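[1] sharing a model prediction with you, sequence too.
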Amino acid sequence: LKGSFSIPLTFTADLSPSPSLVVYSIFPNGGVTADSIRLDVALCFQNQVKVGFPGKEAQAGSAVQLQLQAAPGSLCAVQAVDGNMFSTRPDRELTSQMVYGLFPAAYQRGYPPQVEEHSDRCAQPQSLSSLLRGRPQHSFQPDIFNLFRTVYGWQDSPLPFWWDSLLFPSGVPSTEDQRINEEQSQFTTHRRSHHYFPETWIWNMYSVGSNGSRNVSVTAPAAAAEWKVKMFCLAGRGFGLAPATSLRTVQPFFVDVTLPYSVILGETFLMKATVFSYLQQCMQIQVALAKSSDFQVEPCQTCRDKECLCAEESKTFLWNVTAVQLGTLNISVRTEVLDPTSRCGGRKPLPAAVRGRHTLTKPLLVQPEGVLVEKSYSSLLCPRGGNVAEEPVSLRLPDNVVKASARASISITGDLMGMALQNLDHLVQLPHGCGEQNMVLFAPVVYVLQYLEKTRQLSPEIKDRAAGFLRNGYQTQLLYKHRDGSYSFFGQKDGEGNTWLTAFVLKNFGQARKYIYIDDKNIQDALRWLEQNQLPSGCFATKGNFFHSSLKGSMDDEVSLGAYVAAALLEMGLPLQVSLMQTTLRCLQKVVHNISNIYTEALLAYAFALAGDYETTQELLYKLEEQAIKSGGQIHWSPKPSSPASTDFWPGTQSVDIELTAYVLLAYLSKPRVHAGDMTTAAAIAAWLTRQQNAYGGFASTQDTAVAVQALARYAARAFSTSGQAVLRVRSQRAFGKAFQVSRQRRLLVQQAALVEIPGQLLLQAHGSGCVLAQTVLRYHELSPRTPVTFTLRVSTELNNCSQENPRLLTVRILAR
């Protein structure tokens, strides 16, 4: 075959980005020869769009015209972000290559399936004989056959996008393709998320009229920066991506105000304002502090409010400011550019855009003196049979309260777990410096997720948010893991692992596996360590030190720790038949009848309830019932029931009381058979526990928060009802009144209102059906803490070792008591 000929080709946007040209010839004898070439076409789109500004520069804070051009009727998305955002992550920038790369299958061309070769993925059943015969032979020569496969997108896997609709007439894709599509969709969405561009100026959509152009007035940012502008549009003509353009915002000067985060009422602090010049000529500036009744400014005899500021110079202005009002104050610094005098750069006039007055406002938090005191009072109101459930609340203040420091609020929710759900990330106000503190934030998230899942209230948004907390907590907890698989409060810095903390971690990692990825090796390592440290009796010895004695409750003996470990292993799903579980329960069975410690009894009741031992659980609960403290329809337990009751309206319960009571509630709810009488008792226990909650849905300390949130979540799941609608009315003795609607659709919503009558008396009244949780929070400052001094700390320095050879060496003596 010889000869040559020319084929005129016209390339359009439909052929982008890499079309293939195939030339083939069919011989009279049926033979076929072919060749192909792949061409590179500019990455263009049908919709030709442009975006830009009249100029390359604009004064910061001035109005500029954003000019859009696109096909008539286009809807355009415009982004303008700080160009520095792309310097470290250029792959995040929207380009033609990125757009074409999002939909590779859409640009493949195929041919009708009637001429498709046999596919192993065909849904048709095959007999054994057909499998033995192998695949049918094709008449194409291998090289020609593969050429057509490549050019026309004839693929074995994945199939072209139209093929699945033939195999599955209902339109349901195969499981494998569905998984691939979901993964691609998630990846694409993540890449296009604007969370990668925190320094955003414009992120908006504009429609282009019938003439194909539009001007939009926008305000340039107040900061000097290079702004990168991109735009893409959609219309009937198709997709279009504009070439990137930029706008540089400039300003003659920059003012930086230095303020403390907060000050105490009446405190005098030094305020600084530094002015930096960006101009190449001198200018005279006047800087002044705007007058306000919220603060006082001391006159400064040596201070000047006018300065000559030249190129690349900075000038600092100082004021002594005294805050005289509580709350968040706005402090404004006004900077005015004056015409330069002969002493300041001559007589060259300044541009009009430079002259004028510029104001910078910054907030300052002014707090009362003294110590912050925060008290919360929770009321669980459940109207029944058309009756009104009501409860009075007293907003009383102590005598030593700091004037004007009191503030109060009330929060309403239709769900027992509503407060905890809203404050998942800070149920307890504590640092995050050890393994136990990290886990006390991790565990309640798991319990709340379990509750929402059981009650079918778990939305994708809540699940994603909670899973993020769990992933962070999981990775952080691994920092406290020892090489032998155990965990301790400070990780490798401790000499050995901690038995109690290892069981605590094991329990929560096992339960969190349902929501996030947990490496099974971390669970198996901890299990192996516990098994290696089990005593011959089957119980466990306390290993590792407790950072604070209150963290361990009353777990100072083998039986208490054995009961805790047994409950943790059962909670994580360890089968009863496992040797570790069997030996632990045998140890507990031997001593269960000889226990006199109420805390240990509660732990044992919980462990045997999880193990399904109904008789032993009931025996322990009968003993606990005899020691219960019952008052006002509420039940709780305390290791020291003989202590005098507090007369304070606001609860100040010990952490161990909350933890102990929560374990009893868990025991009642974990029994193999839960009767109506058990639920009545559980309701009274839950009512007492809810009253002990702090303003964030947590409790007094760490372990009591973890156990009590778990107990309340389990009770709320048992008592959950989809019916019920209530109205809670809050009235004061004077003029305040507000009504809150609680319904099935709004049960997780936390509604809040500020209370202004302090001190004062409130009356809460619930009408309708269902339960309403109302929490009143009172915050104030008092001049001196009421609690006795926990410890004293004295620090002194000595220069005994200081010498010319070691001029910076000194001795620091620290005395703590």
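    Yep, it's here. Residues are numbered from 1 along each chain as shown.

[2] elements contacting the host helix or strand of Gln618?
    Under the criterion DSSP states H and E, the helix or strand holding Gln618 is helix 614-626. Secondary-structure packing of helix 614-626 (3 or more CB pairs under 8 Å, 6 or more residues apart in numbering; DSSP states H and E): helix 598-610, helix 655-670. Glycine gets a C-beta too; all of them are placed from N, C-alpha and C.

[3] out of these, which gets nearest to Met419?
    Evaluated over these, closeness to Met419 peaks at helix 655-670, with 15.2 Å, by CB to CB.

[4] could you check the angle that closest one makes with helix 614-626?
    For helix 655-670 against helix 614-626, the angle by axes from the mean of the first three to the mean of the last three CA atoms, to 10 degrees is 140 degrees.

[5] after helix 655-670 comes which helix or strand?
    Once helix 655-670 ends, the next helix or strand along the chain (criterion: DSSP H and E) is helix 676-691.

[6] now distance to Phe239 and mean neighbour count too, for the helices and strands packed on helix 614-626, in CSV please.
    Shown next, in CSV, are these (distance: least, CB to CB, whole Å; neighbours: other CB atoms under 10 Å):
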stretch, distance to Phe239, mean neighbour count
helix 598-610, 59, 27
helix 655-670, 57, 25
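
[7] quick check: Asn438 is in a helix.
    Yes: per DSSP: H, G, I helix; E, B strand; the rest coil, Asn438 lies within a helix segment.

[8] run a quick neighbour tally on the closest residue in space to it that isn't next to it in sequence.
    Nearest residue to Asn438, sequence neighbours excluded (CB to CB, 6 or more residues apart in numbering): Thr476, at 5.1 Å. Using other CB atoms under 10 Å, the number of residues around Thr476 comes to 16.

[9] please, which helix or strand holds Thr476?
    Here Thr476 is assigned to helix 460-477, by DSSP H and E.

[10] chain center to that helix: distance?
    Its chain's C-alpha centre lies 7 Å from the corresponding centre of helix 460-477 when counted by CA atoms, centre = their mean, to the nearest Å.

[11] cool, stretch 598-614 as well?
    On the basis of CA atoms, centre = their mean, stretch 598-614 sits 35 Å off its chain's mean C-alpha point.

[12] got it, and stretch 51-69?
    37 Å.

[13] tell me the pLDDT of Arg179.
    Per-residue pLDDT puts Arg179 at 37.

[14] hmm, I was thinking of Lys671
    We have a pLDDT of 93 for Lys671.

[15] what's the answer for the one 10 residues further on, then?
    Thr681 is assigned a pLDDT of 95 by the prediction.

[16] so how far is Thr617 from the nearest residue to it once chain neighbours are set aside?
    Distances taken as CB to CB, 6+ apart place Tyr668 nearest to Thr681, at 6.1 Å, with adjacent residues excluded. Distance from Tyr668 to Thr617, counting by CB to CB, to the nearest Å: 9 Å.

[17] the helix or strand containing Glu226 packs against which elements?
    Glu226 belongs to strand 225-235 when assigned by DSSP H and E. Here strand 225-235 is seen to pack against strand 50-52, strand 75-82, strand 238-241, strand 245-250 when contacts are counted using 3+ CB pairs under 8 Å, 6+ apart.

[18] okay, and the helix or strand of the chain with the least pLDDT?
    Ranking every helix and strand in the chain by mean pLDDT, DSSP states H and E puts helix 163-167 at the bottom, with a mean of 30.

[19] hmm, back to that, indicate which one of the helices and strands packed on strand 225-235 is closest to Ala682.
    When the helices and strands packed on strand 225-235 are compared by CB to CB, strand 75-82 sits nearest Ala682, at 54.3 Å.

[20] which outside residues touch that closest one?
    The list of residues contacting strand 75-82 from outside it, by CB atoms under 8 Å, 6 or more residues apart in numbering, reads 49, 51, 66, 68, 70, 94, 194, 197, 199-208, 225-235, 247.

[21] before we move on, what about stretch 615-628?
    Counting contacts by CB under 8 Å, 6+ apart, the residues outside stretch 615-628 that touch it are 589, 592, 598, 601-602, 604-605, 608-609, 635-637, 641, 664, 667-668, 671, 681.

[22] quick check: mean pLDDT across it?
    Averaged over stretch 615-628, pLDDT sits at 94.

[23] can you pull the buried residues of it?
    Thr616, Thr617, Gln618, Glu619, Leu620, Leu621, Lys623, Leu624, Ala628 (16 or more other CB atoms under 10 Å).

[24] so which of those residues is the closest to Lys514?
    Closest approach to Lys514 among these (CB to CB): Thr617, at 26.2 Å.

[25] tell me what the helix holding Thr476 is packed against?
    Partner elements for helix 460-477 (3+ CB pairs under 8 Å, 6+ apart): helix 435-454, helix 499-512.

[26] setting aside sequence neighbours, what's the nearest residue to the residue most central in space within the chain?
    Closest to where the C-alpha atoms of the chain average out (CA atoms, centre = their mean) is Arg465, at 5.3 Å. Nearest-residue entry for Arg465: Leu424, 7.4 Å, with adjacent residues in sequence omitted and distances by CB to CB, 6+ apart.

[27] all the strands of the stretch 151-300 of the chain, in order from the start?
    For the stretch 151-300 of the chain, applying DSSP state E, counting those that start in this stretch gives strands covering 200-207, 213-219, 225-235, 238-241, 245-250, 253-258, 262-264, 268-277, 283-289, 295-298.

[28] how far is stretch 558-578 from where the chain is centred?
    Centroid separation for stretch 558-578 versus its chain: 32 Å, with CA atoms, centre = their mean.

[29] can you show me the CA trace of it as PDB?
    Extracted C-alpha coordinates of stretch 558-578, given in PDB (Å, rounded to 0.1, in the frame of the first residue of the first chain):
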ATOM      1  CA  GLU A 558      -7.500  -5.800  93.800                       C
ATOM      2  CA  VAL A 559     -11.200  -6.400  93.800                       C
ATOM      3  CA  SER A 560     -12.200  -2.900  92.800                       C
ATOM      4  CA  LEU A 561      -9.600  -2.900  90.000                       C
ATOM      5  CA  GLY A 562     -10.700  -6.400  88.900                       C
ATOM      6  CA  ALA A 563     -14.300  -5.300  88.700                       C
ATOM      7  CA  TYR A 564     -13.300  -2.300  86.700                       C
ATOM      8  CA  VAL A 565     -11.200  -4.300  84.300                       C
ATOM      9  CA  ALA A 566     -13.900  -6.900  83.900                       C
ATOM     10  CA  ALA A 567     -16.500  -4.300  83.000                       C
ATOM     11  CA  ALA A 568     -14.100  -2.600  80.600                       C
ATOM     12  CA  LEU A 569     -13.400  -5.900  78.800                       C
ATOM     13  CA  LEU A 570     -17.100  -6.700  78.500                       C
ATOM     14  CA  GLU A 571     -17.900  -3.200  77.300                       C
ATOM     15  CA  MET A 572     -15.400  -3.500  74.500                       C
ATOM     16  CA  GLY A 573     -17.000  -6.800  73.400                       C
ATOM     17  CA  LEU A 574     -14.600  -9.500  74.700                       C
ATOM     18  CA  PRO A 575     -16.500 -12.800  74.800                       C
ATOM     19  CA  LEU A 576     -17.200 -14.500  78.100                       C
ATOM     20  CA  GLN A 577     -15.500 -17.600  76.900                       C
ATOM     21  CA  VAL A 578     -12.100 -16.000  76.700                       C
END
